[in-house]
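Student: based on what follows, work out the 3D shape:
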Amino acid sequence: MDLPSTALALPVLGMMILTLLVWLCMFVQRVGYAQSHKLDIEQFKTPADVQVLVPAEASGASNNFKNLFELPVIFYAACLYITVIGQVDSVHVNCAWAFLLLRCIHSLIHCSYNRVAHRFGIYLLSSIALWIMVVRAFLAAL
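Tutor: Down below sits the predicted model:
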């Protein structure tokens, strides 16, 4: 069943809002750490400097922010492609919502208690949802 071409817009916008929220969390976390440890912002000139100055427990949001520019980039491209080509259907839309929901959970884990086994399981499920979209779009293009 074909859906309106705009059916993927909300999951895409949701990913953008998630990225904004993680960016805000990263900003608060990093500035808070720098202030509480009396660090001069000028010490944060390069990513390597930040990595040395800010411990892992205060870098979850920053690391997650970087993750949001890995597989989600393929998600954005796949959603755009599927929409432009006119392949929007319930499977693609359900996979897009699953990807968004699972990436939200992944971000919550990464920005809070950061248990790798939990994070990885969610990452794997979100990846499967994304790859289903990509493979279906590819097969339809053949």
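Student: low-confidence stretches in the chain?
Tutor: Applying pLDDT under 70 to the chain flags residues 1-2.
Student: if we go to 90?
Tutor: Judged against pLDDT under 90, the low-scoring parts of the chain cover residues 1-6, 30-35, 39-45, 47, 49-58.
Student: neighbours around Pro47, how many?
Tutor: Number of residues near Pro47 (other CB atoms under 10 Å) recorded here: 10. Using the backbone N, CA and C atoms, a C-beta is placed for each residue, glycine as well.
Student: state the distance from Val135 to Ala141.
Tutor: 11 Å (CB to CB, to the nearest Å).
Student: with Ser112 instead?
Tutor: In this view, Ser112 and Ala141 are 40 Å apart by CB to CB.
Student: do the same with Ile128
Tutor: Note on Ile128: its distance to Ala141, by CB to CB, is 20 Å.
Student: quick one, which of the two is more surrounded?
Tutor: With other CB under 10 Å as the criterion, Ile128 and Ala141 differ in neighbour count, and Ile128 comes out ahead with 14 against 9.
Student: ok, that one to Ala61 distance?
Tutor: For Ile128, the distance to Ala61 (CB to CB) stands at 25 Å.
Student: same deal with Phe75?
Tutor: 20 Å.
Student: who has more neighbours, these two?
Tutor: Shown here are Phe75 and Ala61; by other CB under 10 Å, Phe75 has more neighbours (25 against 22).
Student: quick one, what contacts the more buried one?
Tutor: Val12, Met15, Ala96, Phe99, Leu130, Met133 (CB atoms under 8 Å, 6 or more residues apart in numbering).
Student: list just the nearest of those to Val52.
Tutor: Met15 (30.9 Å; CB to CB).
Student: so which bits of the strand or helix carrying the closest one are buried?
Tutor: If you go by DSSP states H and E, Met15 is part of helix 9-36. Neighbour-count burial for helix 9-36 flags 11-12, 14-15, 18-19, 22, 25-26, 29-30, 33-34 (criterion: 16 or more other CB atoms under 10 Å).
Student: please identify which pair of the residues you listed lies farthest apart.
Tutor: Between any two of these (CB to CB), the greatest distance is 34.5 Å, for Pro11 and Ala34.
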